[in-house]
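J.: structure for this input, please:
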Amino acid sequence: MFFTKLHAVFLAGFLILAAPKAWAQTEPHRLQDHNAHAWLMYFSDARLSERWGVHTEAQLRRSELGASSQQNFVRVGGNYYVSPRLMLTAGYAYALTYPYGDYPVASRFPEHRLYQQVLLRDALGRVQFTHRYRLEQRWLRFPGAEDYTYLNRTRYQLRFTVPLGPTGQLQPRTPYVAAYDEVFVNFGRNVARNTFDQNRAYLALGYQVSKATSLEAGYLHQLVQQGNGTVFEHNHTLQFTLNFNPDFRPRSAEPAVPVGQ
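T.: As a prediction, the model looks like this:
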């Protein structure tokens, strides 16, 4: 009950903070930019011991349904398993973003990122869900700039996974449906006009190939407010995902459930 109330308070705070920038319709000069993307994604949480594990991921993000580059992204981290329901992670990410859309940046630019994360698992009947809280420290070198700009960002994701097999369990050779919504909020002195950064809404069909491996194919709608506060991107994205979560403990005690992207 305590965690349920905490989640509700946290999400309400996100929405209150983001709403004035994201949904206000009072600015007549707002511009809408619709794009079609395709993302190829790999996620892995390798369990090394009862308490420790390693997170790795790689993403190839393409614009114009794969015809041109949008972003290349890699992330690594160390996982600490507090309990079967609670996992803590900290690590590093690198992104290289390319010009895309009707209002592109002048040229590609890099980003270095540190992050800290809390992941909570729970279940209600056959519905498995995760709450993911992530804090990011970002260094971006925008086109034409000699120095990096420092930005803070916080994120909250609520993800649902529903097995479609007769047992209601996410077992090998079981299809499932997955969905999530994630809100991104910028904060700090270098944030001028886009406190609300973006929202991602995702729906996919997945297949649990084995205890460690699953595949997903789905649709992602990414609403992004650019730093100028004027342009809003609607990125309609086909997303293809490989999840690989091996367990190297002598006895594998936990099923390798996809835990979010």
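
J.: quick check: phi and psi on residue 65?
T.: phi 50, psi 40 (degrees, to the nearest 10).

J.: contact partners for it?
T.: 36, 37, 38, 238 (Cβ atoms under 8 Å, 6 or more residues apart in numbering). From N, CA and C alone the C-beta is placed, and that goes for glycine too.

J.: can you list these in CSV and add neighbour count, distance to residue 251 and secondary structure?
T.: Converted to CSV, the contacts of residue 65 look like this (neighbours: other Cβ atoms under 10 Å; distance: Cβ to Cβ, whole Å; DSSP: H, G, I helix; E, B strand; the rest coil):
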residue, neighbour count, distance to residue 251, secondary structure
36, 15, 46, strand
37, 23, 42, strand
38, 17, 40, strand
238, 16, 39, strand
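
J.: all strands for the chain, in order.
T.: 31-47, 52-63, 68-83, 86-97, 109-124, 127-140, 149-163, 174-187, 196-208, 213-225, 231-244 (DSSP state E).

J.: so which of these is nearest residue 250?
T.: Smallest distance to residue 250 across the strands of the chain (Cβ to Cβ): 11.2 Å, for strand 31-47.

J.: that closest one vs strand 86-97, what angle?
T.: 130 degrees (axes from the mean of the first three to the mean of the last three Cα atoms, to 10 degrees).

J.: low-confidence stretches in this protein?
T.: Scanning the chain for pLDDT under 70 picks out the ranges 1-28, 252-261.

J.: if we use 80, what do you get?
T.: 1-29, 251-261 (pLDDT under 80).

J.: list the contacts of stretch 110-125.
T.: By Cβ under 8 Å, 6+ apart, stretch 110-125 touches 3, 7, 75, 77, 84-97, 128-141, 148, 168, 257, 259-260.

J.: what's the PyMOL line that selects buried ones from these?
T.: A single PyMOL command is used to select the members of the contacts of stretch 110-125 judged buried by 16 or more other Cβ atoms under 10 Å:
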select buried, resi 7+75+77+87+89+91+93+95+97+128+129+130+131+132+133+134+136+138+140+257+259+260
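
J.: turn the contacts of residue 65 into JSON lines, including distance to residue 199.
T.: Formatted as JSON lines, the contacts of residue 65 follow (distance: Cβ to Cβ, whole Å):
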{"residue": "36", "distance to residue 199": "18"}
{"residue": "37", "distance to residue 199": "15"}
{"residue": "38", "distance to residue 199": "20"}
{"residue": "238", "distance to residue 199": "18"}
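
J.: ok, those vs residue 223, which is closest?
T.: Of the contacts of residue 65, the one sitting nearest to residue 223 (Cβ to Cβ) turns out to be residue 37, at 13.0 Å.

J.: shouldn't the closest one be in contact with residue 234?
T.: No - if you go by Cβ atoms under 8 Å, residue 37 and residue 234 don't touch, sitting 10.7 Å apart.

J.: where do the contact lists of these two overlap?
T.: In contact with both residue 37 and residue 234: residue 222, using Cβ under 8 Å, 6+ apart.

J.: how much space between the residue nearest to residue 210 when sequence neighbours are not counted and residue 155?
T.: Leaving aside its sequence neighbours, residue 210 sits nearest to residue 172 (Cβ to Cβ, 6 or more residues apart in numbering; 4.9 Å). From residue 172 across to residue 155, the span is 31 Å (Cβ to Cβ, to the nearest Å).

J.: one more: residue 147?
T.: 25 Å.

J.: ok, the nearest residue to residue 80 once chain neighbours are set aside - contacts?
T.: Beyond its immediate neighbours in the sequence, the residue positioned closest to residue 80 (Cβ to Cβ, 6+ apart) is residue 88, lying 4.5 Å away. By Cβ under 8 Å, 6+ apart, residue 88 lies in contact with 79, 80, 82, 116, 117, 118, 119.

J.: 10 Å - rerun?
T.: Residue 88 sits next to 77, 78, 79, 80, 81, 82, 116, 117, 118, 119 when contact means Cβ atoms under 10 Å, 6 or more residues apart in numbering.
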